[in-house]
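Chemist: coords please:
(one chain, ligands or ions: 2)
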Amino acid sequence: MLLRNRDDIKNAVYKAVEEVKITDVHTHLYPPSFGDMLLWGIDELLNYHYLVAETMRWTNMDYEEFWNMSKKQQANLIWDRLFIQHSPYSEACRGVLTVLNKLGLNVSSRNLDDYRKFFSSISVEQYTDKVFETANIKAVVMTNDPFNEIERNKWIEELNNDNRFKGALRLDILLNSWPQACEQMRKWGYSVEENLDGPTFEEIKRFLKEWLDRMHAVYMAASLPYDFIMPENSYRAKIIENCVLPVAVDKNKPFAMMIGVNRQVNPALKDAGDAVCKADINSVIYLCAKYPHNKFMVTMLSRENQHELTVAARKFRNLMPFGCWWFLNNPSLVDEITRMRCELLGVSFIPQHSDARVLDQLIYKWAHSRRVIADVLVDKYDDLSKSGWEIDDIEINRDVNSLLNENFWGFIDMKL
Ligand code: RAT
Ligand code: ZN
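Modeler: Ligands and ions are numbered 1, 2, ... in the order given. Below is the predicted model:
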């Protein structure tokens, strides 16, 4: 159907964006069969580290005192400071309310115990189905750490029985803490040496291949600091060039780099203690240029890196920018970044991932992102229409499906 005016375009774009089944390319979720590793429910939602950081601005209690409280007490404090004593319009606060609202709970009651009752009346399996349905999600990619003993055992026991949860082999320990990784790998029977001699590279490659297979991982990934530099005479750079990239080509898997964290500027805040700093785009360019047969998914944390990352993607088809990560996942920044990416890359990028740590967050993160992405697209199709180009709802559906689902799977399958 041809769409002749802005209202028709808006309706068609909103419908397409609401109805598309999303592939969420980066989360910290696990299938219910992984037990306690999957976080869900109101107390977990309130204990999200984004909200812990905001709460600590309204109290002078010792950090230790906070961490010694039970999860329920922590949630009570967070609720009181951020929702009762002040208006909860920050993005992370509003998110909690969007979740409650979409679940049909009475947001205006402000009664935490009523919300708790709802969550204790439903099983995690039922709730997982409900969340996937409400958020309209096809699949989520997890973050799977082979150096975490608890998680490692889940994989060895082959516990992932839910096809909606896709594996991603996370390499932070291997790349950012090699001496620690080396010690652990030796205990597991790999003959590795801290000085990274020749046989060690072969053993690391064996380890990577085994874990890619065991996790049925769709990519390998690492979160990298703002001072990540390539090339460089460091453990990390050597392992990337001699192990990760050759294995990635061999197995046809992308390497996802999440760059720009300034880790633990306030360690007392634990997960909430990380900050951001501008990173070096030339390291990304070096990798894309030197390794044209490797595929790189890249997201950068600082706002200042967004333009140069988008320009780099115009130069290298093996570079897929994805998501508005962490401190960028706010409507004003998602709007700005998505607009710029549309203008420079057309339809060839992955606009968003949720980074959900708590299952329920899929509901709000995607409701909020869908809305912003749709508004950007309405403007883009409206501009096109003004040039005399005919806008067709079938083509809108095609593009929206590319952005929020198919671009990822196409990139995973592509062989370079
Ligand atoms: O967004 C977050 O929750 C961060 O703490 C990190 O998990 C980050 O997304 C990462 O994957 O390292
Ligand atoms: Zn993450």
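Chemist: would you mind listing what in the protein touches ligand 1?
Modeler: Counting by Cβ under 6 Å from any ligand atom, the residues of the chain close to ligand 1 are 28, 143, 223, 258, 271, 326, 355, 357. (C-beta placed from N, C-alpha, C; glycine too.)
Chemist: at 5 Å instead, please
Modeler: Residues of the chain found near ligand 1 (Cβ under 5 Å from any ligand atom) are 223, 326, 355.
Chemist: JSON lines for those residues, including pLDDT and neighbour count?
Modeler: Below are those laid out as JSON lines (pLDDT from 0 to 100; neighbours: other Cβ atoms under 10 Å):
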{"residue": "Ser223", "pLDDT": "98", "neighbour count": "23"}
{"residue": "Trp326", "pLDDT": "98", "neighbour count": "17"}
{"residue": "Asp355", "pLDDT": "98", "neighbour count": "22"}
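Chemist: can you give me the helices in the stretch 101-250 of the chain?
Modeler: Assigned by DSSP state H, counting those that start in this stretch, the stretch 101-250 of the chain shows helices spanning 112-120, 124-135, 149-156, 172-176, 178-187, 198-215, 235-239, 245-251.
Chemist: how much space between Phe147 and Phe296?
Modeler: Using Cβ to Cβ, to the nearest Å, Phe147 is found at 23 Å from Phe296.
Chemist: would you tell me which one of the helices of the stretch 101-250 of the chain is buried the most?
Modeler: helix 172-176 (a mean of 21; mean count of other Cβ atoms under 10 Å).
Chemist: counting contacts, what elements does that one pack onto?
Modeler: When contacts are defined as 3 or more Cβ pairs under 8 Å, 6 or more residues apart in numbering; DSSP states H and E, helix 172-176 packs onto helix 178-187, strand 217-225, helix 235-239.
Chemist: contacts for the longest one, please.
Modeler: Put plainly, it is helix 178-187. By Cβ atoms under 8 Å, 6 or more residues apart in numbering, the residues outside helix 178-187 that reach it are 147, 173-174, 192-194, 196, 203-204, 207, 235-236, 239.
Chemist: go again using 7 Å as the cut-off
Modeler: 147, 173-174, 192, 194, 207, 235, 239 (Cβ atoms under 7 Å, 6 or more residues apart in numbering).
Chemist: any chance of CSV for the helices of the stretch 101-250 of the chain, columns mean pLDDT?
Modeler: Shown next, in CSV, are the helices of the stretch 101-250 of the chain (pLDDT from 0 to 100):
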stretch, mean pLDDT
helix 112-120, 98
helix 124-135, 98
helix 149-156, 98
helix 172-176, 98
helix 178-187, 98
helix 198-215, 97
helix 235-239, 98
helix 245-251, 98
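Chemist: for those helices, give me JSON lines that also has distance to Asp80.
Modeler: Listed next are the helices of the stretch 101-250 of the chain as JSON lines, based on distance: least, Cβ to Cβ, whole Å:
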{"stretch": "helix 112-120", "distance to Asp80": "9"}
{"stretch": "helix 124-135", "distance to Asp80": "26"}
{"stretch": "helix 149-156", "distance to Asp80": "32"}
{"stretch": "helix 172-176", "distance to Asp80": "34"}
{"stretch": "helix 178-187", "distance to Asp80": "39"}
{"stretch": "helix 198-215", "distance to Asp80": "40"}
{"stretch": "helix 235-239", "distance to Asp80": "43"}
{"stretch": "helix 245-251", "distance to Asp80": "48"}
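Chemist: any idea how far Val249 is from Ala16?
Modeler: Taking Cβ to Cβ, one finds Val249 at 35 Å from Ala16.
Chemist: and the nearest residue to Tyr219 once chain neighbours are set aside, its phi and psi?
Modeler: Using Cβ to Cβ, 6 or more residues apart in numbering and skipping residues adjacent in sequence, the residue nearest Tyr219 is Pro254, 4.4 Å away. Phi and psi for Pro254, reported as degrees, to the nearest 10, are phi -70, psi 160.
Chemist: wait, doesn't Pro254 sit right on Tyr291?
Modeler: No. Applying Cβ atoms under 7 Å as the test, Pro254 and Tyr291 come out as separate, 11.5 Å apart.
Chemist: neighbour-wise, which of the two wins?
Modeler: A count of neighbours by other Cβ atoms under 10 Å puts Pro254 above the other of Pro254 and Tyr291, at 25 against 20.
Chemist: what about Phe147 and Phe296, which has more around it?
Modeler: Per other Cβ under 10 Å, whichever of Phe147 and Phe296 has more neighbours is Phe296, with 23 against 18.
Chemist: which among the helices of the stretch 101-250 of the chain is found nearest to Val334?
Modeler: Among these, the nearest to Val334 by Cβ to Cβ is helix 124-135 (16.5 Å).
Chemist: what angle sits between that closest one and helix 112-120?
Modeler: Here helix 124-135 runs at an angle of 110 degrees relative to helix 112-120 (axes from the mean of the first three to the mean of the last three Cα atoms, to 10 degrees).
Chemist: helices and strands around helix 124-135, which ones?
Modeler: When contacts are defined as 3 or more Cβ pairs under 7 Å, 6 or more residues apart in numbering; DSSP states H and E, helix 124-135 sits against helix 361-386.
Chemist: which other helices and strands does the helix it packs on contact?
Modeler: helix 6-19, helix 91-102, helix 124-135, helix 331-345, strand 391-392.
Chemist: let's go with 8 Å and repeat that
Modeler: Counting by 3+ Cβ pairs under 8 Å, 6+ apart, helix 361-386 packs on helix 6-19, strand 22-24, helix 91-102, helix 124-135, strand 137-141, helix 331-345, strand 391-392, helix 393-401.
Chemist: tell me the buried residues in that helix?
Modeler: Buried residues in helix 361-386, counting neighbours by 16 or more other Cβ atoms under 10 Å, are found at 361-370, 372-382, 385.
Chemist: compute the first-to-last residue distance for stretch 259-275.
Modeler: Its start and end residues considered, stretch 259-275 measures 12 Å (Cα to Cα, to the nearest Å).
Chemist: can you tell me what sits against that stretch?
Modeler: Residues from elsewhere that reach stretch 259-275 (Cβ under 8 Å, 6+ apart): 49-50, 52-53, 56, 63-64, 67, 223-226, 228, 276-279, 283-284, 298-302, 305, 325.
Chemist: rerun at 7 Å
Modeler: Counting by Cβ under 7 Å, 6+ apart, 49, 52-53, 56, 63, 223-226, 228, 276-277, 279, 298, 300-302, 305 sit against stretch 259-275.
Chemist: mean confidence for it?
Modeler: Mean pLDDT, computed over stretch 259-275, is 98.
Chemist: buried ones in it?
Modeler: Residues of stretch 259-275 classed as buried under the neighbour-count rule (16+ other Cβ under 10 Å) are 259-262, 269, 272-274.
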